Each structure stands twice: as C-alpha cells, then as structure tokens.
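Chemist: quick one, fold the following:
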Amino acid sequence: MKPLRVALGIRAQLLLVLTVFLAIPWLGYEYVRELERFLRDAQEQTLAGTAQAVATALHDRPRLFDVKPIQGETLAIERGAEAPVAPPARAVSAPATGAPRSPEIEQIIQGLSRTTARIWVVDRDLNVLARAGSLKSVPPANSVDATLPQLWQWLERELLHPVYALVMKQPTEDFSEELAGRVLLPAREVDGALAGILTVDRRPTPDGRAVVVSAAHPIWVGDQVRGAVIVEETTNRVLAERNRAFERLFSIVLAALLIGSVALTLYASRLSARIRRLRDEAEAAIDAQGRVRGAVAATRAGDEIGDLSRSFSSVLSRLAQYASYQQNMASRLSHELRTPIAVVKSSLDNLRLTSLPDDARVYIERAQEGLNRLTRILTRMTEATRLEQSLGDAERERFDLAKVVVGSVDGYRAAYPAKTIEYEALGEEVWIDGAPELIAQMLDKLVANAIEFGTPGAPIVVRMARVDLGVQLAVENEGPPLPAAMQGRLFDSMVSVRSDQGGDAPHLGLGLYIVRLIAEFHRGRAVAANRADGRGVIVAVTLPAA
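Modeler: The predicted structure follows:
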C-alpha cells in the first residue's frame, strides 16, 4: 500500500511555516510569568519596607504603648501547624466606632499608609493599637488605548478581552475582607515579628477570590519587642500589570501574525500565479503530439522564476529549430534524391536496350526493383509532407459524409476484387464540416492498412455509427491483434508494426499518421483497438457533426 501523500501549494506551505511563529505567544506568556514573579518580589520588598518604616517611627517610644487599645477590638492569630508557640488565638471583632486611643500612632500610620494597603499596629498582647487603610481599591475601567485605530479598539474590546479573561486570571475587588465580622491572621508573620524577625507571608482571602501579601516588623523599645507592625496588600495590582503586559504583547504578536499572514498570502499568490502562467505557456507551446507550436515569453525578473522562464524559452527555441529541421528533412531528401534516381533509372533503361547476357539481366531486374521501391518511399514521404503543409490551406465545406464513404467503398471493391469489403451504412445523410477529398484520402489509408494486415479470405468491414454529437467511421479487419506496447504510438510518424511482415511494399509508418492529421483537421480523433473477440483490429475515427 502506497503511503498517502498530501499535496500542498506554495501558499499552504508558507502559511504552515508561519505557524512556527505561534510559539511567540507562548514565549511571551513565559516572559509575563517571569515579570509577575519579579513584581511579586518587588511587592514583598515594598511591604517589608513600609512595615520597617512604620516600625522605625515607633521604635524607642514607650509612652505610645501606655495607652488602652481600641475599644472592642483585638487581633486574632490563627496558628498554623508550623507556627511557633504563641498566645492562644483570639478574634478581632468588628472595628469600633469610637476614636482610637493612640492618636499619634494613628497619625504616623496614616502618613505612611498606601492606598491599597492596610496597616495594623499591635502590642505584645495582640491588642490593636491602631489601624489604617483598606485592602480594596476602586478598580480601573477596562479600556483600550485611545491612540489605537477604531477597528483595533473594537477588536480588543469585543473579541480579545473575553479571550484574555479565559486564559488569564482577572483581578477583582469583590472579595471578602473579613469573615463574619472577624479578621483572621496567620500566626507566622505576627509570631515572627513578636520574636524580633521581619516576616513576609501570603494567604488567600476567606472567599478565595484574592491573595493577600502581609509583612510584619517588630517594634523595639530598648532591647524588648513591645509590638509589631503588619502591612497587608492584595496581589490585584500585580495581576493587573501582568495581564496588561500580556494583553499588549499578545495584541502586538497577533497584529504581526495577521499582517505577516496577509503579506505572505499575497506574496505566495503572486508567486503561484507566475508559476501557473509559466506552466500554461510551456504546455501551450507544445501540442499533444509533441510538436512545438509557440514559445515561452522570457521575463526580465531577476529571481529564480525569471531564470526558469528564460531557460524554458531557450530550450523551446532549440526544440523548435530541431523540429523544423526534422519536418523539412523529408521534402529535402525527396528533392535531393530525385536527380540521382532519375540518373539511375535512365541508366537502367539504356542497359535494357543493349544486348547483355542473361545472368547480367537478372542483376538489372533486381536494380530496377530496388529503384521502384526507393521511388515509392520518396512518393510516400512527399505525400505526408505535402499533406502537413496543405492542411492549413485546405478549404472547408459542408458535405454529406455518407455519400463520400459510399463512393469510396465502391472504388475499393473495384480496386481489390479479391477482397470482400462490406459496408454497414446508417441509411441517412451525415453532414460534417471539412474537406471531402481529405476524408477520402483518410479512408484510403484505413482500408489499405486493413487489407495489408487482414487474414486472406476474411472480409473488411467499413462501418458508420452515430455517437454523442458526432459520427464514428470505423474500419475492421480480422488478423493479428495490436501489440500492447504499440497501441499508444500507432498514430505517430515513422511508427509501424510491420517489421515481421513480408512483401515488397515499403513501410514507413506514415499511413496512420496521415489518418491522425486528417482527423485532427476535422476536429476529431482517431483510435485503434483490438476487437472484443481478440481476432482482429478496429481503427475508428470520430468526427463532430456539422
């Protein structure tokens, strides 16, 4: 079983190569993830710096911790399995409406707080001394760059953004900041800060819609840790920056792919059109019989296709010259050989008039037979050459094909009295456009060919039949079948299957070649095939009706 081969045009191949560039979005996605990791690290460092700045402002100020905590508000620590030993977990109730008991701490953290960060100040007993800020912020409007074209803005808004939302996690400000009136804090950061270590950690919000990054820094008073500063912020800003970078990168890559695809398609279409035009010119320059009928126009293009067209033009020009030499060779030979043949013929005639021994006359008769054979060869070569030259000048007329065939068959019966020639007529007129004398000449060749190959005593059948939009003229004989290797070449010039046949008549293989020329002149075609019973051959010519 042969493997399946898929034929791809130049445009399909170029577009297939273009799919390699689809790896660019993946590389861009990896780059954006690396950028996200960088932004997360920067966020953790910023929060740690903010916590350190607030804690530094509160260092060595013991009187700030000699105040009562905010009424009704305490900080809960939800210890994890890995957390060090710490005081029992306590819950932070909802913020009280009363003013904080430490206005100075409130002023300090208000001045250092960030718009998207929340700052807690607690003492060693986890009492909340002050709190400022919120984890939520006003989400920016999801808009596109106003400098972009209107069409591209519409594409981004209607098509690309929904796709981005499926691929990338979108930040949201609709998350739960407290759970049932309580704030749950992991123990690790606070325990670490109260132990004197700057600690950074992450946790999801109670509803899982956002991730909170927190940094806790100890507050020192002398050599003791009197409290801790906890700074919290969501990763929404990092996600927004990551998504914005990915969207911009993907949009640029998509635009480049679209422009590249259109450019490659146009280039491949132009390339394919040039190749098809060159192919059509090359096919039109040579007919079905291999004769050069025209030339390929050599272009001035400096690329490989231009070189190919110039090569085709040069090759076809040389082939046309060689074909012209071959076509004119028969007439030249006929012209050049007629004079020496006439000399030989006159010499033989003069020798016959002289008294020669009987054994010498035998050689004269052999020479005469050879001369007659050579004369017939030249006659047939001249006939074929003249026919090719005269077909272009032949005048067409509308005539009854049946009448021409009936007259020709009557002539064959008189010319070959020893042969039985049968005619199966249609019984009606058959009008075609062409030259009746050429049809008669074609039928002469068909009948002569059938008689030469026919079995002695077997009839030769000439038959006419109606076919689609035309008529078929066939000559059938009983005899040896056609060789399988010769069936596609019988109507070529100088092709014959008579190599094993005897007889004195020369066989140049021009009879069926003339039949083909006349059939093509009448816009028909000639075919040869073995009979269904395998006991003979049928040569048929199909001609279009007038």
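Chemist: and the strands in the stretch 201-350 of the chain?
Modeler: Using DSSP state E, counting those that start in this stretch, the strands of the stretch 201-350 of the chain run over residues 211-221, 224-234.
Chemist: can you list those strands in a markdown table and add mean neighbour count and distance to Leu446?
Modeler: C-beta here means a position set from N, CA and C on the backbone, and glycine is covered the same way. Formatted as a markdown table, these follow (neighbours: other CB atoms under 10 Å; distance: least, CB to CB, whole Å):
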| stretch | mean neighbour count | distance to Leu446 |
| --- | --- | --- |
| strand 211-221 | 23 | 95 |
| strand 224-234 | 24 | 98 |
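Chemist: out of these, which comes closest to Ala465?
Modeler: Between Ala465 and the strands of the stretch 201-350 of the chain, the shortest gap by CB to CB is with strand 211-221, which sits at 90.2 Å.
Chemist: which strands border the closest one, and is each parallel or antiparallel?
Modeler: Partners of strand 211-221 in the sheet, by DSSP bridges, are strand 199-204 (antiparallel), strand 224-234 (antiparallel).
Chemist: same question for the last one, mean pLDDT?
Modeler: What that stands for is strand 224-234. For strand 224-234, mean pLDDT rounds to 91.
Chemist: distance between that strand and the chain's centre?
Modeler: From the chain centre to the centre of strand 224-234 is a distance of 64 Å (CA atoms, centre = their mean, to the nearest Å).
Chemist: the helices in the stretch 1-150 of the chain, which residues?
Modeler: 10-18, 23-58, 103-112, 150-155 (DSSP state H, counting those that start in this stretch).
Chemist: on the three-state scheme, the residue lying farthest from the centre of the chain is what?
Modeler: Here the centre of the chain is the reference, and by CA atoms, centre = their mean the most remote residue is Ser355, at 86.4 Å. Under DSSP: H, G, I helix; E, B strand; the rest coil, the three-state class of Ser355 is coil.
Chemist: doesn't Gly260 make contact with Phe21?
Modeler: Yes. Counting by CB atoms under 8 Å, Phe21 does reach Gly260; the two are 7.2 Å apart.
Chemist: roughly how far does Ala474 sit from Arg413?
Modeler: 18 Å (CB to CB, to the nearest Å).
Chemist: more crowded one of these two?
Modeler: Ala474 (18 against 14; other CB atoms under 10 Å).
Chemist: low-confidence ranges in the stretch 1-150 of the chain?
Modeler: Filtered on pLDDT under 70, the stretch 1-150 of the chain yields the residue ranges 1-8, 67-101, 111-115, 138-149.
Chemist: pretty sure Ala394 is in a strand, no?
Modeler: No. With three-state DSSP as the criterion, Ala394 is coil rather than part of a strand.
Chemist: pull up the per-residue confidence for it.
Modeler: So Ala394 comes in at 73 (pLDDT).
Chemist: ok, it - contacts?
Modeler: Residues in contact with Ala394, defined by CB atoms under 8 Å, 6 or more residues apart in numbering, are Ala435, Leu438, Phe521.
Chemist: so the first one touches Arg396, yeah?
Modeler: Pointing back at Ala435 there. Yes. Contact criterion CB under 8 Å: Ala435 and Arg396 qualify, at 6.5 Å.
Chemist: need the residues touching each of these two.
Modeler: If you check Ala435 and Arg396 against CB under 8 Å, 6+ apart, no residue is contacted by both.
Chemist: which residues sit against stretch 105-122?
Modeler: Residues from elsewhere that reach stretch 105-122 (CB under 8 Å, 6+ apart): 47, 50-51, 53-54, 57-58, 64, 75, 100, 102, 128-137, 190, 219, 227-234, 236-237.
Chemist: return a PyMOL selection command for the buried portion of these.
Modeler: Selecting only the buried entries of those in PyMOL, with 16 or more other CB atoms under 10 Å as the criterion:
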select buried, resi 47+50+51+54+57+58+64+75+100+102+128+129+130+131+132+133+135+136+190+219+227+228+229+230+231+232+233+234+236
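Chemist: any idea how far Ser346 is from the residue farthest from the centre of the chain?
Modeler: Separation of Ser355 from Ser346 (CB to CB) stands at 19 Å.
Chemist: repeat for Arg279
Modeler: With CB to CB as the criterion, Arg279 and Ser346 are 57 Å apart.
Chemist: Leu378 too?
Modeler: 16 Å.
Chemist: what do you get for Asn328?
Modeler: Asn328 is 28 Å from Ser346, by CB to CB.
Chemist: could you do Pro417 as well?
Modeler: Separation of Pro417 from Ser346 (CB to CB): 35 Å.
Chemist: looking at those two, which has the bigger crowd around it?
Modeler: With neighbours defined as other CB under 10 Å, Pro417 and Ser346 compare such that Ser346 has more, 10 against 7.
Chemist: per-residue confidence at the more buried one?
Modeler: pLDDT recorded at Ser346 is 86.
Chemist: going forward can the numbers begin at 58, since that is how I track them
Modeler: Okay, using 58 as the starting number, the last item reads as Ser403.
Chemist: what's around the closest residue to Asn587 other than its chain neighbours, how many residues?
Modeler: Using CB to CB, 6 or more residues apart in numbering and skipping the chain neighbours, the partner closest in space to Asn587 is Pro538 (4.4 Å). Counted by other CB under 10 Å, the residues lying close to Pro538 total 13.
Chemist: show me the strands in the stretch 108-257 of the chain, by range?
Modeler: Counting by DSSP E, counting those that start in this stretch, the strands of the stretch 108-257 of the chain are 133-135, 174-180, 185-190, 241-243, 256-261.
Chemist: so which bits of stretch 594-603 are buried?
Modeler: Val594, Ile595, Val596, Ala597, Val598, Thr599, Leu600.
Chemist: let me know whether Glu481 touches Gln529 as I believe.
Modeler: No. Using CB under 8 Å, Glu481 is not in contact with Gln529, being 11.5 Å away.
Chemist: more neighbours: those two, which one.
Modeler: Comparing Glu481 with Gln529 by other CB under 10 Å, the one with more neighbours is Gln529, at 16 against 12.
Chemist: contacts only, for the more buried one.
Modeler: Met521, Ala522, Arg523, Ala597, Val598, Thr599, Leu600.
Chemist: could you measure from it over to Glu454?
Modeler: 21 Å.
Chemist: kindly report the same for Asn407.
Modeler: For Asn407, the distance to Glu454 equals 49 Å [CB to CB].
Chemist: before we move on, what about Ile489?
Modeler: 10 Å.
Chemist: between the two, who's got more neighbours?
Modeler: Taking neighbours as other CB under 10 Å, Ile489 and Glu454 compare with Ile489 leading, 23 against 11.
Chemist: now for the helix or strand where that one lies, which elements pack on it?
Modeler: Assigned by DSSP states H and E, Ile489 belongs to strand 488-491. Judged by 3 or more CB pairs under 8 Å, 6 or more residues apart in numbering; DSSP states H and E, strand 488-491 is in contact with strand 454-457, strand 593-601.
Chemist: partner strands of the shortest one and their direction?
Modeler: Sheet pairing of strand 454-457 (DSSP bridges) gives strand 488-491 (antiparallel).
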